[in-house]
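**Student:** Need coordinates for the following:
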Amino acid sequence: MSQGRDDAGRFKETVSEQEILKVFDYEDDPVLTAPEVADGLRRFGKRITPEGVRNRLETMDEKGLVSRKKLGARAVGWWAEVAPELDVDTAAEVNARKDSDEWEEL
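**Tutor:** Purely as a prediction, here's the structure:
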């Protein structure tokens with residue numbers, strides 16, 4: 001078995017769809033190329049090649065999570081169609097405060 005593959009020889013997913021969506025949330029530009037997404041993931045301690053990101057984005061496009069547009073002869077721009085899910089603690093805090101006036105502190 002080679003590094004990065006499971007017992008069946010398939011590549012293991014090391015980056016979740018939520019982590020990819022989080023990159024779009026953190027960047028100033030809403031449209032990113034696959035290499036830019038790969039760079040953004042490195043800031044979160046995730047290592048994946050631009051080709052790996054491109055493959056994941058294509059799968060996410062089929063699910064309606066992202067969309068794409070050809071920007072030139074070889075460049076494709078991607079953007080998120082949905083926001084990343086909140087982590088469990090943040091979601092619980094938002095739910096607890098949804099009917100209160102405490103939003104300024106969040």
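
**Student:** any idea how far the most centrally placed residue in the chain is from residue 58?
**Tutor:** The residue lying closest to the centre of the chain (C-alpha atoms, centre = their mean) is residue 20, at 1.2 Å. Look at residue 20 and residue 58: by C-beta to C-beta, to the nearest Å, they are 12 Å apart. No exception for glycine: its C-beta is placed from N, CA and C like everyone else's.

**Student:** again with residue 76
**Tutor:** Distance of residue 76 to residue 58, computed by C-beta to C-beta: 10 Å.

**Student:** sec struct for residue 20, please.
**Tutor:** Classification of residue 20 using DSSP: H, G, I helix; E, B strand; the rest coil returns helix.

**Student:** can you pull the contacts of it?
**Tutor:** By C-beta atoms under 8 Å, 6 or more residues apart in numbering, residue 20 lies in contact with 37, 41, 53, 56-57, 60, 66.

**Student:** Which ones among these lie within helices?
**Tutor:** Of the positions in these, 37, 41, 53, 56-57, 60 sit in helices, assigned by DSSP state H.

**Student:** right, and the pair among these with maximum separation?
**Tutor:** 41 and 60 (13.5 Å; C-beta to C-beta).

**Student:** can you tell me how far the closest residue to residue 18 other than its chain neighbours sits from residue 75?
**Tutor:** Take residue 18 and drop its neighbours on the chain: the residue closest to it by C-beta to C-beta, 6 or more residues apart in numbering is residue 84, 4.9 Å away. Using C-beta to C-beta, we find residue 84 at a distance of 24 Å from residue 75.

**Student:** Residue 17 now?
**Tutor:** As defined by C-beta to C-beta, residue 17 lies at a distance of 23 Å from residue 75.

**Student:** Comparing the two, which shows the higher neighbour count?
**Tutor:** A direct count of neighbours by other C-beta atoms under 10 Å for residue 17 and residue 75 places residue 17 higher, at 18 against 11.
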